[in-house]
Structure formats: structure tokens, C-alpha cells
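Visitor: any chance you can model this:
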Amino acid sequence: MAELRLLGMTWDHARAWDPMLATSAEYARRHPGVTIEWEKRSLQAFADRPIAEMAGTYDLMVIDHPHVGEVARQGNLIALDTVGRAAELAALAAGSVGQSHESYHWGGHQWALAIDAATPVACRRPDLLGQVPTEWDEVMALARDGRVAIALWPVNVLMTFFGIARNLGHAVAEGHERLMAPDHAEEVLDHLLALARAVDPRCLSLEPIGIYDWMSGSAEAPAYSPWGYGYTNYSRTGFRPHLLTFHDAPGIRGAGPRGTVLGGTGIAVSAFTRAPEVAVDYAFWIAGAECQKGLYTAAGGQPAHAAAWEDDACNALCADFFRNTRATLESAWVRPRYDGYMRFQDRGGDILHACLRGDTAPRAALEALEAAYRESRR
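Guide: Next up, the predicted model:
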């Protein structure tokens, strides 16, 4: 039997890389003659590389859901609702945590299968902090005491801006001409500026991974982070010197954890693969309940299937990460996915970051943000 070799692309972190290697090895064991190899790029480089470019090189791609509007127009991925697996697709939709599965559905088609679920949640060093804050005022009190860190790298600033807005119940990107009502945007930016001014300036240069490495690597570290995309790895014994635990995000004025911005990843199949049946079969297998709550999670992955989130063994691996953050994930907001949104996300993060640095006045920043949004809609 001739050897069949497939090539995949994912992002460079243990949460993304390790489960792809483990599942590919197991798939090859079950299907002699099939080899699936993976390449990786940094998280930013991965996000910046167009899917159209990757589809010409890779059979399988781990993608973010905000790209699906672009994907639907370009036709570079196989629509996974057209491959004769309707029952499996329905089972994945029923087993989705929050809107993870639905987030890859656009223009009447399913462009990827959710394999990884994430949203900004709270993180704590249990040896440094006992009670977990649930309200904004409690977070600010800790921040003024120097005990809070938060990822304020440009894209994370924009996600926190959106998350605060949605927590407050404000409409975001619901029309083509306006991102947010001016008074709502000012209120949200005021909250964000207050928090940014209270934390260590190094937060402006850190993504969630950097925050968690800081929190877990030093005896003298922040004890709490209110909003950052969760990583089960840091709740696994031995991953870093100090264990971190994750919890539902805080709310503002009693709103609870609602409104954080859904993240995570899905697995997609290139329309140009020479082995579509095999690539599709692997994608459905790793997205399914058996693999998700078994090998995928055991190998360091952060599953998107409820079977894993509800499983006692999966929770035991990572200090009840799944149980402790489920409410936040279930109420997470799906950001825009129209063709052009990713250009706005890049520009919008830079605009808000400049404001937090003090390089742009708040009013000018909000005006620039609105202009960038309108441009992306055109």
C-alpha cells in the first residue's frame, strides 16, 4: 500500500501542538499507510498568514472562527456539511461548549470543526490569593494593591474592550455604520483605562501566555488576572513552578461572567488536498467526543466538546478548569466574522493600545476606532 502523507499547520504552544502530534500518531496507528505531519508558527504569525496561502500548502489547518467570512468568499476550504456526515455533524453541534461549533458556520456552510474552546476567564495563584473576585470593584481594589495583571497587548486590549461592553449589555458591531454608541464606548474605555493605569506597565507588552508565565514562574508575582484567554496547561501539575487555577470571569454591576469574547480554534480541510476523505475523517475524529475527552485532553489539548468539559478525569487533570469556567464559556459573545473583520481587529487593537500607552487621547482613539470599523465594512 502506498504511503499517504498529509501536512497540517497549527500554532506554536503546547496546547495546540502536543494534541495534534498525539492524535496524528494514533490515527496513523489505526490507519496503516497514513502519516499526518504538522508544522507550527507563532500565534501572531499564524494569525497573520492568509488562509488562502495556507490552503495551497497544507491539507489540514487549525483556524480561528473570525476568518470564516473571508473563507466563505474565497472557497479555499471544504464545506464540512457537504461530505456526507450529517449525523456526525449534528452530534458535534449538540455537544458543543457554548457557540464553539456554531462559530465556524457562515453563509450556510460549516467551514471547520471546533476542537479547542476558549474565552477570557479569571486566573488565580491559589497560594497568593484565597477568595476569587466576582465584581469589578473587587478587581480594582486588588489592582490598586498591585496584585493584578492583565494582558494588554493590542489584540487583547480590543477583546477586553468588547468583553466589557458586552458584559454591560451594550450593542457591538450590530450595524455597518457604527461599532458602538458613543456614550457606551466612552464608558467602556473609562473602565479599561482605569484598570490599565492600576496594573504594572509591563502588561502593555504581554499576551495571556506572558501573563500566565509571569504569574506561575515567580514567588513574587501577581496573584490574579481578571480577563485572559484560559489555558488548561497552567492548571496541570508540573507545567510551571507554581500552579494556576482558572475561574469564571468577573462581572460589572452584578452582570456575572457574561459577554467575554469567544476564542478557541477549529480544524479545517483544504479544498486542494489530494486526500479529502482521509483529511475529513481525521478532522471529524479529533472533534468527536471520544477523542476530545480522551487522547486530545490527555495530550495537553483544551477541548471544545462538552463530553470533556463534564468529564471527571478531564477536570482532575487541570484543577477543575472546565467546571470552574463553564458559565463564562457558555455566555461568551461571538465576535464579527464578516469578510474584512480581521483587518479591523488588527487596526482596532493598535488604536486602543496607543490610547492606553498615553499616545492618543481617549476621544481621538474612539473616533479612529469607529472610522476603522466603517472602513472594514466597506
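Visitor: after the lowest-mean-pLDDT helix or strand in the chain, next one along is what?
Guide: Counting by mean pLDDT, DSSP states H and E, the chain has its least confident helix or strand at helix 43-48, which shows a mean of 64. Counting by DSSP states H and E, the element after helix 43-48 in chain order, helix or strand, is helix 51-55.
Visitor: for the residue nearest in space to the middle of the chain, which three-state class applies?
Guide: The central residue of the chain, meaning the one whose C-alpha is nearest the mean C-alpha position (CA atoms, centre = their mean), is residue 263 at 2.4 Å. For residue 263, the assignment made with DSSP: H, G, I helix; E, B strand; the rest coil gives coil.
Visitor: my read: it touches residue 119, true?
Guide: Yes. When contacts are counted by CB atoms under 8 Å, residue 263 is listed as touching residue 119 (5.8 Å). Glycine gets a C-beta too; all of them are placed from N, C-alpha and C.
Visitor: what segments of the stretch 151-300 of the chain are helices?
Guide: Under the criterion DSSP state H, counting those that start in this stretch, the stretch 151-300 of the chain contains helices at 154-167, 182-198, 208-217, 276-287, 289-291, 297-298.
Visitor: buried deepest among those, which one?
Guide: Comparing the helices of the stretch 151-300 of the chain by mean neighbour count (mean count of other CB atoms under 10 Å), helix 154-167 comes out on top with a mean of 24.
Visitor: quick check: mean pLDDT across that one?
Guide: For helix 154-167, the mean per-residue pLDDT is 98.
Visitor: so where do the strands sit in the stretch 51-200 of the chain?
Guide: With DSSP state E, counting those that start in this stretch, the ranges of strands along the stretch 51-200 of the chain come out as 60-63, 105-106, 109-110, 113-116, 120-124.
Visitor: burial of residue 84, as a residue count?
Guide: Other residues lying near residue 84 total 10 when counted by other CB atoms under 10 Å.
Visitor: and the closest residue to residue 362 other than its chain neighbours, how far from residue 14?
Guide: Computed as CB to CB, 6 or more residues apart in numbering, the closest residue to residue 362 that is not its neighbour in sequence is residue 189, at 5.5 Å. Counting by CB to CB, to the nearest Å, the gap between residue 189 and residue 14 amounts to 35 Å.
Visitor: separation between residue 375 and residue 368?
Guide: Applying CB to CB, the value for residue 375 to residue 368 is 10 Å.
Visitor: sorry, slip of the keys, the one I care about is residue 200.
Guide: Per CB to CB, residue 200 is found 26 Å from residue 368.
Visitor: also residue 230?
Guide: 30 Å.
Visitor: now residue 359
Guide: Distance check for residue 359 against residue 368: by CB to CB, it reads 12 Å.
Visitor: which of the two has more residues huddled nearby?
Guide: With neighbours defined as other CB under 10 Å, residue 359 and residue 368 compare such that residue 368 has more, 18 against 10.
Visitor: can you classify the more buried one by secondary structure?
Guide: Judged by three-state DSSP, the three-state class of residue 368 is helix.
Visitor: contacts only, for the residue lying closest to it once chain neighbours are set aside.
Guide: The spatially closest residue to residue 368, leaving aside those adjacent along the chain, is residue 351, at 4.8 Å (CB to CB, 6+ apart). By CB atoms under 8 Å, 6 or more residues apart in numbering, residue 351 lies in contact with 360, 365, 368-369, 372.
Visitor: tell me the pLDDT of residue 351.
Guide: Taken from the predicted model, the pLDDT recorded for residue 351 is 98.
Visitor: hang on, it in a helix?
Guide: Yes. Assessed by three-state DSSP, residue 351 belongs to a helix.
Visitor: against residue 369, how distant is it?
Guide: Using CB to CB, one obtains 5 Å as the distance from residue 351 to residue 369.
Visitor: quick check: domain ranges of this structure?
Guide: Taking automatic domain parsing as the domain assignment, the ranges for the chain are 4-118+263-329, 120-261+340-377.
Visitor: my guess is residue 305 contacts residue 96, does it?
Guide: Yes. With contacts defined as CB under 8 Å, residue 305 counts as touching residue 96 at a distance of 7.3 Å.
Visitor: okay, and the common contacts of those two?
Guide: Contact criterion CB under 8 Å, 6+ apart; residues bridging residue 305 and residue 96 by contacting each: residue 114.
Visitor: more crowded one of the two?
Guide: In this comparison of residue 305 against residue 96, neighbours counted by other CB under 10 Å, the higher total goes to residue 305 at 30 against 20.
Visitor: pull the contacting residues for the more buried one.
Guide: Taking CB under 8 Å, 6+ apart, we find residue 305 in contact with 92, 95-97, 114, 287-289, 292-293.
Visitor: who wins for most neighbours among those residues?
Guide: For the contacts of residue 305, neighbours were counted by other CB under 10 Å; the highest total belongs to residue 292, with 31 neighbours.
Visitor: now do it against residue 96, distance only.
Guide: Distance, residue 292 to residue 96, by CB to CB: 11 Å.
Visitor: and for these two, which residues touch both?
Guide: Contact criterion CB under 8 Å, 6+ apart; residues bridging residue 292 and residue 96 by contacting each: 304-305.
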